[in-house]
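>>> Next one to model:
(one chain, ligands or ions: 1)
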Amino acid sequence: MTKLKNKVAVITGANSGIGLATAKLYLKEGAKVVLSGRRKEALDEVAKELDGDFITVVADVSKDEDNKNLIEQTTNHYGNIDILFLNAGIAPPTPTTDITAEHYNEIFDINVKGPIIAIKEALPHINDGGTILFTNSIVHKKGFDGLGIYSASKGALRAYARVLTSEVKSRGIRVNSIAPGPIDTPIYGKMGLPEDVVEEMGKGFAESVPLGRFGKSEEIANAALFLASDDASYINGVELEVDGGLSQV
Ligand SMILES: NC(=O)c1ccc[n+]([C@@H]2O[C@H](COP(=O)([O-])OP(=O)(O)OC[C@H]3O[C@@H](n4cnc5c(N)ncnc54)[C@H](OP(=O)(O)O)[C@@H]3O)[C@@H](O)[C@H]2O)c1
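Now for the predicted structure:
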């Protein structure tokens, strides 16, 4: 299990769901992992269950100074970066009639500005031949009521990834995205919706997926390992749907 031996990987949103599953898999594959999250207590808790060479860094991706600090702490501890996984994100729903500037700013600051500023800070410290990976979503290809701002944020991130792919080409840095379908993570409990509404929504999602179920964080982590490893050495600029077929039907 050494697909990422001695690679330095930074993962945002690593205290939960997809980010945590990916951190575990990267550690298993020999990477040195920087797990970043905005809640110290959550990072301290997950640190107890991890094995391998890792550090945790508290960073709120919506704050520019936190992104700077995340990269500084990474390079101070491990030197240059090989894999930057911009995964942190939020998805609070609001119908268009209720959208406020605060709602828009919160989602765009975390889902769009955060990753872009983190990349800006990290770029001078990413090794040539390294990898930048985004957790995007299928929501920018398929419309789900109430997810207008979230979907727009992920669409913006996809557009940005295309430009970045070209901007870093002279350094051999690969830029790819993963677009998960419905994945069973704590994100649904953070949407601010009553439990029964979340349950109903979940049933509806599962029924519309050709494989008939939610995906697991580990199934996204497998894709994040593949895209970050040399197995994907000629894969660049793509968005890989890991969605049980939902975006294709
Ligand atoms: N689950 C799905 O069905 C699904 C589908 C498509 C795409 N995605 C995307 O997958 C990514 C990971 O989500 P998940 O499903 O694994 O949900 P999750 O378990 O809630 O994980 C999201 C992570 O992002 C962190 N985060 C949120 N805001 C942050 C901020 N301002 N600064 C730093 N970290 C922040 C969260 O921290 P806290 O624990 O403090 O909130 C958490 O660690 C997101 O980008 C999401 O949009 C998920």
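
>>> Summarise which helices and strands the longest helix anywhere in the chain is packed against.
When the chain is parsed with DSSP state H, its longest helix is helix 148-167. Helix 148-167 sits against helix 101-108, helix 114-122, strand 126-135, strand 174-180, with contacts defined as 3 or more Cβ pairs under 8 Å, 6 or more residues apart in numbering; DSSP states H and E. Using the backbone N, CA and C atoms, a C-beta is placed for each residue, glycine as well.

>>> give me that answer again for 10 Å
helix 101-108, helix 114-122, strand 126-135, strand 174-180, strand 239-242 (3 or more Cβ pairs under 10 Å, 6 or more residues apart in numbering; DSSP states H and E).

>>> Would you point out which residue is most central in this protein?
residue 87 (1.5 Å; Cα atoms, centre = their mean).

>>> From the ligand, how far off is it?
5 Å (Cβ to the nearest ligand atom, to the nearest Å).

>>> Surely that residue and residue 17 touch.
Yes - using Cβ atoms under 10 Å, residue 87 is in contact with residue 17, at 8.7 Å.

>>> joint contacts of those two?
135, 220 (Cβ atoms under 10 Å, 6 or more residues apart in numbering).

>>> How about the lowest-mean-pLDDT helix or strand in the chain and the ligand, touching?
Every helix and strand of the chain was ranked by mean pLDDT, DSSP states H and E. The lowest is helix 195-208, at a mean of 90. No - using Cβ under 6 Å from any ligand atom, helix 195-208 stays clear of the ligand, with a minimum separation of 7.9 Å.

>>> Around the ligand, pick out the residues from this protein.
For the chain, the residues in contact with the ligand (Cβ under 6 Å from any ligand atom) are 12-13, 15-19, 37-39, 42, 60-62, 87-91, 110, 135, 137, 180, 182-183, 185-187, 190.

>>> Inside strands: which ones of those residues?
Under the assignment DSSP state E, the residues of the chain next to the ligand contribute 12, 37, 135, 180 to strands.

>>> need the contact list for the first one.
For residue 12, the contact set (Cβ under 10 Å, 6+ apart) comprises 19, 34-38, 57, 59-61, 67, 70, 84-89, 110, 114-115, 118, 135.

>>> again, but for the second one
If a contact means Cβ under 10 Å, 6+ apart, then residue 37 has 11-16, 19-20, 43, 46, 56-61, 88 as its contacts.

>>> what about the closest residue to residue 217 other than its chain neighbours, distance to residue 40?
Spatially, and ignoring its direct neighbours in sequence, residue 217 is nearest to residue 21 (3.6 Å; Cβ to Cβ, 6 or more residues apart in numbering). Distance from residue 21 to residue 40, counting by Cβ to Cβ, to the nearest Å: 21 Å.

>>> okay, these two: which has more neighbours?
Remark: of residue 21 and residue 40, residue 21 carries more neighbours, 21 against 12, as counted by other Cβ atoms under 10 Å.

>>> Need the pLDDT of the more buried one.
What the model reports for residue 21 is a pLDDT of 98.

>>> hang on, it in a helix?
Yes - assessed with DSSP: H, G, I helix; E, B strand; the rest coil, residue 21 lies in a helix.
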